[in-house]
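>>> got a predicted structure plus its sequence, pasted below:
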Amino acid sequence: MKLRFLLAKDLLLLRRTPSIAILLALYPALVAVLIGLAVGRPPAKPRVAIVNQVPADERILDVGGKKFDLDKLIESLYKNVDAVDVKDRAAAVEQVQSGDAVAAVVIPKDIVDQLESPLAQGKIEAIFDASDPVRKSYVETTIKGLLVDTNAELTRRFSGVALDYMDLIVDGGSIRIGGRTVELMGLEGGEKLLPKILPYIPAQQRAEVAKLAESFRLARVGSQYSDELLNRVGEPIKLTEKPIGTSSSLPSLAVAVAVCVSAMFVALLLGAGMLAYEQEDQMLQRLLRGLVKRRTIVNEKILLAGLCALVVGTVMVVAFGFFIDIRWQRAWAWWPAVIGASVAFGAAGVAIGAVSGDVRAASLASFMLGLPLAAAALVPEGAIADSMYSLLQAINSLFPFKPALELVRAGLTPGRDALVPSLHLLVLIFAYGLLANFAVKRRAGA
């Protein structure tokens, strides 16, 4: 009952200052949309594990009597990524799954044989982490871009070889097979020869020979439509992609970031400001003189900040739904995630307000802490040194933005883990509640 009266009092205070309430909602929403749309700068050189199974003395490719060094492709990989050599495919998969590498490239042992065979395509396998859509897109683009130049050069050479083969098929000529030279008559020669020998063929077999001559003619015409050969000429090396992890999308990441940023600012400013205001106005001391318990005041402020952040966060999801595809059927998953994130941010805001003591300090602390800590949670692995990234991870574990972002993304994207960020947020809510209670107790007793 006391909690309800406190909540009604604070809501009435907000109602009396609608301009502040509107600004409190619109400003974080604007910042959240901008960050959500611009989020996810990938590292300049992604760390890629490379498995090169081709022996060093077998990397020369013979295409129509011309040589091509496969090491050109390997060198281009090393120039454009932060490459690390691994011994086999299993080790490469382990590197990607552990997060030590954002992707892996496997060059099979028989790629030279594939490229030298008459019809096969050379295949290189790319293994990447599909759970981060920004890095996934960037790694795909980088690796495919590296194959462009190699494919272009091989295409020119295969085109010449293909034309030579086509000329032999149509016009005839010499070809080396099994170490010896063989003369081919070709389709055109056969088409011209068969009518000449037709008078010498028994009458009952002349119709079949005539059909054979017509078949030669049609085969000569249709020889230019060899799909397999044209496929190979257009893409000598084909990239086979093997995603690892739960697939995610850039739109869902943008929505999650926008929701968390907007909910964070509303909850931090409101939770910190309302509690600090009551301390500054001496209302807190009056309330604690037997009217309500300290724990009730802290819980009410967390609830107030969480409710207001929940409203803004929900509006953000609905607003994004007009522009991108939101899985509305998963509202049972993402709406509780928004609730959990809002309450966690509210608890953080109340703790800041309890420690700060006055409105100006609480508001300034909310901005000074919220924005950089949110930005720290968005730094991708590989963009900075490993030691600095580990330090950021430790800092992120003490602030609710990172687990809140993971929880909202889990709600929006099927298959992502929601248990760990949920437990993380519960621990933070409890810890911030204890901190706020302790700070209020000290100030009330001062």
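Thanks, I have the structure now. Residues are numbered from 1 along each chain as shown.
>>> need the contact list for residue 273.
Contact analysis of residue 273 by Cβ atoms under 8 Å, 6 or more residues apart in numbering lists 353, 359, 362-363, 366. To be clear about C-beta, it is placed using only N, CA and C from the backbone, and glycine gets the same treatment.
>>> go again using 7 Å as the cut-off
Residue 273 is in contact with 353, 359, 362-363, counting by Cβ atoms under 7 Å, 6 or more residues apart in numbering.
>>> can you give me the strands for the stretch 201-350 of the chain?
Applying DSSP state E, counting those that start in this stretch to the stretch 201-350 of the chain gives strands spanning 237-244.
>>> where does it dip in pLDDT?
Counting by pLDDT under 70, the stretch 201-350 of the chain has low-confidence residues at 216-239, 241-250, 280-291.
>>> okay, helices next: where are they in it?
All helices of the stretch 201-350 of the chain, identified by DSSP state H, counting those that start in this stretch, fall at 203-222, 227-234, 250-280, 283-287, 294-320, 331-356.
>>> nearest to residue 147, of the ones you listed?
The closest of the helices of the stretch 201-350 of the chain to residue 147 is helix 227-234. By Cβ to Cβ, the value is 12.5 Å.
>>> contact partners for residue 334?
The contact partners of residue 334, taken as Cβ under 7 Å, 6+ apart, are 317, 408, 411-412.
>>> list just the nearest of those residues to residue 431.
Ranked by distance to residue 431 (Cβ to Cβ), the contacts of residue 334 are led by residue 408 at 20.6 Å.
>>> excluding chain neighbours, what is closest to the closest one?
residue 256 (4.3 Å; Cβ to Cβ, 6 or more residues apart in numbering).
>>> residue 86 versus the one you found, what's the distance?
33 Å (Cβ to Cβ, to the nearest Å).
>>> which of those two has more neighbours?
Under the criterion of other Cβ atoms under 10 Å, the comparison of residue 256 against residue 86 puts residue 256 first, with 30 against 19.
>>> in this model residue 406 seems to touch the more buried one, though I could be wrong.
No - counting by Cβ atoms under 7 Å, residue 256 does not reach residue 406; the two are 8.4 Å apart.
>>> show me whatever sits in contact with both of those two.
Common contacts of residue 256 and residue 406 (Cβ under 7 Å, 6+ apart): none found.
>>> could the contacts of residue 273 be laid out in a markdown table, adding secondary structure and pLDDT?
Formatted as a markdown table, these follow (DSSP: H, G, I helix; E, B strand; the rest coil; pLDDT from 0 to 100):
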| residue | secondary structure | pLDDT |
| --- | --- | --- |
| 353 | helix | 85 |
| 359 | helix | 73 |
| 362 | helix | 78 |
| 363 | helix | 77 |
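>>> got those residues as a markdown table, with neighbour count columns?
Converted to a markdown table, the contacts of residue 273 look like this (neighbours: other Cβ atoms under 10 Å):
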| residue | neighbour count |
| --- | --- |
| 353 | 34 |
| 359 | 19 |
| 362 | 27 |
| 363 | 18 |
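>>> going by distance to residue 207, which of these wins?
Residue 207 lies nearest to residue 363 out of the contacts of residue 273, by Cβ to Cβ, at 98.7 Å.
>>> for that closest one, give me its contacts.
Neighbour list for residue 363: 269, 272-273 [criterion: Cβ under 7 Å, 6+ apart].
>>> do that again at 6 Å, thanks
residue 273 (Cβ atoms under 6 Å, 6 or more residues apart in numbering).
>>> wasn't residue 101 part of a strand?
No - counting by DSSP: H, G, I helix; E, B strand; the rest coil, residue 101 falls outside a strand, being coil.
>>> surely it meets residue 94?
No - taking contacts as Cβ atoms under 6 Å, residue 101 lies outside contact range of residue 94: 9.3 Å.
>>> tell me which of these two has more neighbours.
Per other Cβ under 10 Å, whichever of residue 101 and residue 94 has more neighbours is residue 101, with 29 against 15.
>>> now that one: phi and psi?
With angles defined as degrees, to the nearest 10, residue 101 sits at phi -140, psi 140.
>>> from residue 85, how far off is it?
Here residue 101 is placed at a distance of 11 Å from residue 85 (Cβ to Cβ).
>>> ditto for residue 361
As defined by Cβ to Cβ, residue 361 lies at a distance of 54 Å from residue 85.
>>> roughly how far apart are residue 116 and residue 58?
Distance of residue 116 to residue 58, computed by Cβ to Cβ: 11 Å.
>>> I should have written residue 117 there, sorry.
Shown here: residue 117 relative to residue 58, a distance of 15 Å by Cβ to Cβ.
>>> do residue 422 as well
To residue 58, residue 422 is 53 Å away according to Cβ to Cβ.
>>> higher neighbour count, these two?
More neighbours surround residue 422 than the other of residue 422 and residue 58, with 17 against 13 (other Cβ under 10 Å).
>>> report the contact partners of the more buried one.
Residue 422 makes no contacts at all, as judged by Cβ under 6 Å, 6+ apart.
>>> for the helix or strand where it lies, buried residues please.
Here residue 422, judged by DSSP states H and E, is contained in helix 419-445. The neighbour-count check on helix 419-445 (16 or more other Cβ atoms under 10 Å) flags 421-422, 424-425, 428-429, 432-433, 435-437, 439-440, 443 as buried.
>>> and those residues, which is closest to residue 212?
Among the buried residues of helix 419-445, residue 421 lies closest to residue 212 (Cβ to Cβ), at 73.3 Å.
>>> what sits against the closest one?
Contacts for residue 421 (Cβ under 6 Å, 6+ apart) come out as 403, 406-407.
>>> which of the residues you listed ranks first by neighbour count?
Busiest of the contacts of residue 421 [other Cβ under 10 Å] is residue 407, holding 31 neighbours.
>>> thought it was touching residue 338?
No - look at residue 407 against residue 338 with Cβ under 6 Å: they stay out of range, at 8.7 Å.
>>> ok, now how distant is residue 431 from residue 254?
From residue 431 across to residue 254, the span is 30 Å (Cβ to Cβ).
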